[in-house]
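*Asks:* Let's see this in three dimensions:
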Amino acid sequence: SPTGDSWGIFTFLCAALCNLPALPALNCSEELGAGQSIQQTYDLTRYLEHQLRTLAGTYLNYLGPPFNEPDFNPPRLVRAEPRVPSATVDLDLWRGLTDNARLAANYRAYSRLLCYLRLLDGQVGTAELRHRLAHFCASLQGLVLSIGGVMSSLGYPLPAGPAAPPAGPPGAPAAPNDFLKKMDDFWLLKELQTWLWRSAKDFNRLKKKVPPAVVTLRLEARGF
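*Replies:* Numbering: from 1, shown residues only. As a prediction, this is how the structure comes out:
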């Protein structure tokens, strides 16, 4: 009868399912590798370039003339060289470095520059500028962590960087007068601009060398 046939088919299917071995199940997962980490770091570098343009304009206006004048381009003082990490390196020499060496240099420089920026945050007198500096410092801290993530994903060790800017001789002021202190701040922003410009180029080249994230299929044995 039709009812008997339906019951027989149902019984057969139940028995077949109960006796099946473990069946492989497809699990689709994205491998988040070095390629995506490099892309995210490149995007963050470009975002910081944009942020810095706004911050620099506000801060230079805070310093006043001649620092906020468009054609102000003084020579860098020798005394300032050891205080702020300089990005003034021959481009051919820089490109001749290994990826590891360039990443380590970027990591150390931004760690150091971040320390100086945090010192500025405690010195400025306007709430708006303090807010902009705090926001930029948070983004720059993210860039340091992101560069560290790229290095780890490529199997490079993190360099040991200074925890704080190097101090001068005991009792010596950071700058002999207010004008030289402003010059230090001016060059800090200029060096940040150059580092970010060069870092964006570094990560753009690096992401072309490292394949992007791939999607893989894994087989997982699952029983009923």
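*Asks:* can we go C-alpha only for contacts and neighbour counts from here?
*Replies:* Fine.
*Asks:* quick one, helices of the chain?
*Replies:* 2-18, 34-63, 91-95, 99-121, 127-153, 178-209 (DSSP state H).
*Asks:* mind giving me CSV with the ones you listed and columns for mean pLDDT, mean neighbour count and distance to R76?
*Replies:* Converted to CSV, the helices of the chain look like this (pLDDT from 0 to 100; neighbours: other C-alpha atoms under 10 Å; distance: least, C-alpha to C-alpha, whole Å):
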stretch, mean pLDDT, mean neighbour count, distance to R76
helix 2-18, 50, 10, 79
helix 34-63, 93, 18, 17
helix 91-95, 82, 10, 19
helix 99-121, 91, 19, 17
helix 127-153, 93, 18, 23
helix 178-209, 91, 17, 7
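*Asks:* would TSV of the ones you listed with distance to L77 be doable?
*Replies:* Converted to TSV, these look like this (distance: least, C-alpha to C-alpha, whole Å):
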stretch	distance to L77
helix 2-18	81
helix 34-63	18
helix 91-95	22
helix 99-121	17
helix 127-153	24
helix 178-209	8
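*Asks:* closest one to P159 among those helices?
*Replies:* Proximity of these to P159 was assessed by C-alpha to C-alpha; the nearest stretch is helix 99-121, lying at 5.9 Å.
*Asks:* quick one, the closest one and helix 127-153 angle?
*Replies:* 160 degrees (axes from the mean of the first three to the mean of the last three C-alpha atoms, to 10 degrees).
*Asks:* Tell me the helices and strands packed up against helix 99-121.
*Replies:* helix 127-153, helix 178-209 (3 or more C-alpha pairs under 8 Å, 6 or more residues apart in numbering; DSSP states H and E).
*Asks:* CA atoms of that helix as PDB?
*Replies:* In PDB, the C-alpha atoms belonging to helix 99-121 read as follows (Å, rounded to 0.1, in the frame of the first residue of the first chain):
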ATOM      1  CA  ASP A  99      62.500  45.100   4.300                       C
ATOM      2  CA  ASN A 100      63.300  44.100   7.900                       C
ATOM      3  CA  ALA A 101      65.700  47.100   8.300                       C
ATOM      4  CA  ARG A 102      63.200  49.600   6.900                       C
ATOM      5  CA  LEU A 103      60.400  48.300   9.100                       C
ATOM      6  CA  ALA A 104      62.600  48.400  12.200                       C
ATOM      7  CA  ALA A 105      63.600  52.000  11.400                       C
ATOM      8  CA  ASN A 106      60.000  53.000  11.000                       C
ATOM      9  CA  TYR A 107      59.000  51.200  14.200                       C
ATOM     10  CA  ARG A 108      61.800  52.900  16.200                       C
ATOM     11  CA  ALA A 109      61.200  56.300  14.700                       C
ATOM     12  CA  TYR A 110      57.400  56.400  15.300                       C
ATOM     13  CA  SER A 111      57.900  55.100  18.900                       C
ATOM     14  CA  ARG A 112      60.300  58.000  19.500                       C
ATOM     15  CA  LEU A 113      58.200  60.600  17.700                       C
ATOM     16  CA  LEU A 114      55.100  59.500  19.700                       C
ATOM     17  CA  CYS A 115      57.000  60.200  23.000                       C
ATOM     18  CA  TYR A 116      57.800  63.800  21.800                       C
ATOM     19  CA  LEU A 117      54.200  64.400  20.700                       C
ATOM     20  CA  ARG A 118      52.900  63.300  24.100                       C
ATOM     21  CA  LEU A 119      55.200  65.900  25.700                       C
ATOM     22  CA  LEU A 120      53.700  68.500  23.500                       C
ATOM     23  CA  ASP A 121      50.200  67.400  24.600                       C
END
